[in-house]
Each structure stands twice: as structure tokens, then as C-alpha cells.
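**Q** Provided below for reference: sequence and predicted model.
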Amino acid sequence: MRDSYDFSNAIKNPYISKLKKQITIRLDYDTVEYFKDLSEETGIKYQQLINLFLADCAKKHLKPNIEWKNS
């Protein structure tokens with residue numbers, strides 16, 4: 001190893017925006033099973049499918065349609 005390195009001509013990592021952040025999330029059983037079944041059909045890991053779906057929603061600025069039922 002060298003004693004020092006010259007980073008004056010270095011460029012920022014262009015893939016930094018593609019990094020993923022690990023989180024904990026609770027999903028309904030049926031939701032997870034849906035994506036696991038879809039995973040078997042497509043050959044894409046179910047976590048990746050969930051990420052792709054959510055990324056598409058974010059890109060399109062989709063918002064959930066939530067209606068509260070009166071009891």
C-alpha cells in the first residue's frame with residue numbers, strides 16, 4: 001500500500017442513487033404470498049418484485065385510495 005493517494009481527479013460514484021436501504025416492514029400474509037407466487041412465475045425474487053412495484057408507484061406519484069368504512 002502507498003503512504004498516500006491522490007484523489008484530486010476522482011469522480012463521484014454514479015451508482016450511489018441506486019443503493020438500497022434495508023428496512024423492516026410488516027406486510028399482510030396474502031400480500032407476501034401474492035409476490036411469492038409472482039416470483040415463481042417470473043423467476044424474479046419476491047423482494048425485488050415488491051421493490052420494483054413500489055418504485056413504479058413512486059415514479060408515477062401514485063397514492064393509495066383509502067376509504068374508511070363507517071361501522
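**A** Thanks, I have it.
**Q** The most centrally placed residue in the chain: what secondary structure?
**A** By C-alpha atoms, centre = their mean, the mean C-alpha position of the chain lies nearest to N51, the distance being 3.1 Å. Classification of N51 by DSSP: H, G, I helix; E, B strand; the rest coil places it in helix.
**Q** I'd say it and K18 touch.
**A** No - here N51 lies out of contact with K18, judged by C-beta atoms under 8 Å, at a distance of 11.4 Å. To be clear about C-beta, it is placed using only N, CA and C from the backbone, and glycine gets the same treatment.
**Q** ok so, going back, can you tell me how far the residue nearest to the centre of the chain sits from A10?
**A** Distance of N51 to A10, computed by C-beta to C-beta, to the nearest Å: 30 Å.
**Q** same question, E67
**A** Distance from E67 to A10, counting by C-beta to C-beta: 52 Å.
**Q** between those two, who's got more neighbours?
**A** Shown here are E67 and A10; by other C-beta atoms under 10 Å, A10 has more neighbours (8 against 4).
**Q** tell me the SS of C57?
**A** With three-state DSSP as the criterion, C57 reads helix.
**Q** Where does the nearest residue to L52 once chain neighbours are set aside sit: helix, strand or coil?
**A** Residue nearest to L52 in three dimensions, not counting chain neighbours: I44, with 7.7 Å by C-beta to C-beta, 6 or more residues apart in numbering. Applying three-state DSSP to I44 yields a three-state assignment of coil.
**Q** Now do I44 against K59, distance only.
**A** 18 Å.
**Q** and those two? which has more neighbours close in?
**A** I44 (13 against 8).
**Q** Walking through the chain, point out its helices one by one.
**A** 29-42, 46-59 (DSSP state H).
**Q** what residues does the last one touch?
**A** I take that to be helix 46-59. Helix 46-59 has contacts (C-beta atoms under 8 Å, 6 or more residues apart in numbering) with 20, 27, 32, 35-36, 38-39, 42, 44.
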